[in-house]
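**Q** how does the following fold in three dimensions:
(one chain, ligands or ions: 1)
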Amino acid sequence: MVLRYLSGPDIGGASAEIIKRFEAENPGIKVEMVEGPAATNIRENMYSTSFMGGEATYDLAYMDVVWVPKFAAQGWLRPLDDWFTPKMQTEFLPGDVLGSTYGGKIYRIPVQSDGGMLYYRKDLIAQAGLKPPKDWPDLVRIAKKLQNPPALWGYAFQGKQYEGLVCDYLELMWGNGGRVVGEDGKILVDSPEAIEALRWLVDAVRKHGISPEGVLTFQEEEARHLFQEGKAVFMRNWPYAWNLVNGEGSPVKGKVGIMPMVGAEGRGGAATLGGWGWSISAYSKHPEEAWKFAQFATTVEMLKISYEKGGIIPARRSLFKDPEVLAKSPHFKELYDVLTDARPRPVHPMYARISDALQLHVSAALAGQETPEEAMKGAADEMRAFIERRRK
Ligand code: GLC
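**A** Sure thing, here's the model as predicted:
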């Protein structure tokens, strides 16, 4: 029998290796990874279409943390409580477990923990007698001083109209004291804090010129390539990039520093909580085999392979104390703190709609088609319309 799932490109070949080992230990079970596009929101649509039709195409879903509330609320996932017991859950980072839970049930076993970080060229900064930035104005100052476009840009980030842009933007919004939704359910994305955060990002491209216009087509990998080729001083990205930019043959190997994302002047920065894990489709005809694979792929040994080959940060606590991992990754201690403080995107069954509104308008502002005020008012109006309509 064959277990099938959809995921993004297998960076570094970690998934292929895990599948190979699983199949060797489990004769009779084959695992087929269907490689989809890199953007998480597009894969979410692909899974949604399949599940909406009640299809058994995918036995497992390799799930972004933000899909959990919607997929669980729709009844597309099998609750894992009988298999993934509370005791087993304590072996994983609490944010990843919480993000796998909906309505009191657990729907996902975490693989990867994720939180936005700031990468910088420690060699260039030290040569200029400077220090890593402490806030946004500092980052702009250093970037302007060191850059020499188009050979060397100041700041690379994820500027394409997709989920990654929302993650980047929310870090800035939180780093300026803003919020998407208040305690009372009120939409707050048109607050002055939220508008100012967008203005900072727009200015990075359009006023300060520290980010290339091409950043409007960047997802994670495009930003990493620019940075890895030595063409950017700073990069906002997820921790997966660390192993890759420091890999054999990387022009910036050993020249890279990593730190928590900076915030507005006088404020602390914030990280968006990301992360991935295994869920089992409610329509799968092979749930037991699927669980066997999910369990295998999240053992200490397999998570080490995922980290070494693909840079995937393990969601298991013990790996943050693993001498083998620590020897190669001195930043893991600080990373642990960033991950445990990372902030979730709004946990809502309609998160995809919230994100679409942000993707559209933040992107329009970056392209110069809307002012930051118009953009955030537009996003807020759309969110109010569908969230209020739903309440009636
Ligand atoms: C990373 C995160 C995920 C996020 C995505 C956006 O993969 O882990 O949560 O949605 O980036 O591009």
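**Q** the ligand contacts on the protein?
**A** Contact residues, the chain versus the ligand (CB under 6 Å from any ligand atom): 40, 64-66, 114, 163-164, 167, 220, 238, 274-276. Glycine gets a C-beta too; all of them are placed from N, C-alpha and C.
**Q** could you rerun that using 5 Å?
**A** With CB under 5 Å from any ligand atom as the criterion, the chain meets the ligand at residues 40, 64, 114, 163-164, 274.
**Q** Y102: which of the residues you listed is nearest?
**A** Y102 has its nearest neighbour among the residues of the chain next to the ligand in D64, at 13.8 Å by CB to CB.
**Q** list the helices and strands the host helix or strand of V68 packs on?
**A** According to DSSP states H and E, V68 maps onto helix 68-73. If you count contacts as 3 or more CB pairs under 8 Å, 6 or more residues apart in numbering; DSSP states H and E, helix 68-73 packs onto helix 40-52, strand 101-102, helix 351-366.
**Q** N243: which of the ones you listed is closest?
**A** Smallest distance to N243 across the helices and strands packed on helix 68-73 (CB to CB): 20.4 Å, for helix 40-52.
**Q** please tell me how far A375 sits from T40.
**A** Look at A375 and T40: by CB to CB, to the nearest Å, they are 22 Å apart.
**Q** got it, and T101?
**A** Distance from T101 to T40, counting by CB to CB: 20 Å.
**Q** cool, E289 as well?
**A** Noted for E289: a distance of 26 Å to T40, by CB to CB.
**Q** between the two, who's got more neighbours?
**A** Neighbour totals were compared for E289 and T40, and T40 leads with 24 against 21 (other CB atoms under 10 Å).
**Q** what's the closest non-adjacent residue to the closest residue to the ligand within the chain?
**A** Residue of the chain nearest the ligand, by CB to the nearest ligand atom: G274 (2.6 Å). Take G274 and drop its neighbours on the chain: the residue closest to it by CB to CB, 6 or more residues apart in numbering is D114, 3.1 Å away.
**Q** V97 contacts Y107, correct?
**A** No - the criterion here is CB atoms under 8 Å, and V97 misses it with Y107 at 10.9 Å.
**Q** so what's G75 up against?
**A** A282 (CB atoms under 8 Å, 6 or more residues apart in numbering).
**Q** tell me the secondary structure for it?
**A** coil (DSSP: H, G, I helix; E, B strand; the rest coil).
**Q** read off the pLDDT value for it.
**A** We have a pLDDT of 98 for G75.
**Q** now swap in the one 10 residues further on and tell me
**A** With respect to pLDDT, T85 scores 98.
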